[in-house]
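Chemist: no sequence for this one, just the structure:
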């Protein structure tokens, strides 16, 4: 199959493209650095010519909630309109477990909800794949507030998934028929975000004092089981410990 991957130079997009190529598929990489601009639409129609499915794994730059929502609205609208012109038969979105059930959260969550809304209302057949946080999320969350060797981090419960595992799921889903909202996809074990950050920093040799608090970017609306997968979730194999042992790649 000929499959386009939007955000193909990013963490998950690059892994997804590699997984598809490993299995012999023709991959079209969509990224501004590769000459396709999702904000302006430049190069998009040409990139999607003859494409059977599109996987959207883009991320937004670090901007506020309103700007993030507008960013994802623009890129998603441009993708869907170009897909319709090209006759693309399947749009696959990487999303986040639990965010469609709540308001608030980070600016990124606001943007992902807007993506889901547009895709569900669109005319291109779709699958939304809700995934839990990636194994590298804890260290990233700590980096948002780190200053002078101190970082604020929320004591969240998460069930993290390895980046390579979710890339394999996205590749598999894109090869099949549209399914609407896919089951939650998660790693095998529940973890505490503070402990995850501490252990990741130890592996990476990064020294920082972590202060557990709900006053940072991740608020108390995410407490409890909000970000945990449902009972019918698809469980990926790689544990957080295995990911750490491999060097936290």
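Modeler: Everything's here; your move. None of these values were measured; they are calculated from a predicted model. Numbers count the residues shown, from 1 in each chain.

Chemist: ok, residues contacting the lengthiest helix in the chain?
Modeler: Criterion DSSP state H: the longest helix present in the chain is helix 65-86. Helix 65-86 is contacted from outside by 6, 38-41, 44-45, 48-51, 54, 56, 58, 60-61, 63, 91, 107-108, 110-112, 114-115, 118-119, 122-124, using CB atoms under 8 Å, 6 or more residues apart in numbering. C-beta coordinates here come from the backbone N, C-alpha and C atoms, glycine included.

Chemist: Mind doing that once more with 6 Å?
Modeler: 38-39, 41, 44-45, 48, 54, 60, 107, 110-111, 114-115, 118, 122-124 (CB atoms under 6 Å, 6 or more residues apart in numbering).

Chemist: Buried residues, that helix. List them.
Modeler: By 16 or more other CB atoms under 10 Å, the buried positions in helix 65-86 come out as 68-72, 75-83, 86.

Chemist: cool, stretch 2-14 as well?
Modeler: 3-8, 10-14.

Chemist: Of those, which belong to helices?
Modeler: 11-14.

Chemist: pLDDT check: weakest of the residues you listed?
Modeler: Scanning those for pLDDT, the low point is residue 11. It has 94.

Chemist: and residue 39, what element?
Modeler: Secondary structure assignment for residue 39, by DSSP states H and E: no helix or strand.

Chemist: could you check the distance from it over to residue 128?
Modeler: The gap separating residue 39 from residue 128 is 22 Å, by CB to CB, to the nearest Å.

Chemist: now residue 165
Modeler: From residue 165 to residue 128 the distance is 18 Å (CB to CB).

Chemist: What of residue 43?
Modeler: 26 Å.

Chemist: Of those two, which one has the most company?
Modeler: Per other CB atoms under 10 Å, whichever of residue 43 and residue 128 has more neighbours is residue 128, with 22 against 16.

Chemist: Where does the more buried one sit: helix, strand or coil?
Modeler: strand (DSSP: H, G, I helix; E, B strand; the rest coil).

Chemist: show me what contacts it?
Modeler: So residue 128 contacts 93, 95, 116, 181 (CB under 6 Å, 6+ apart).
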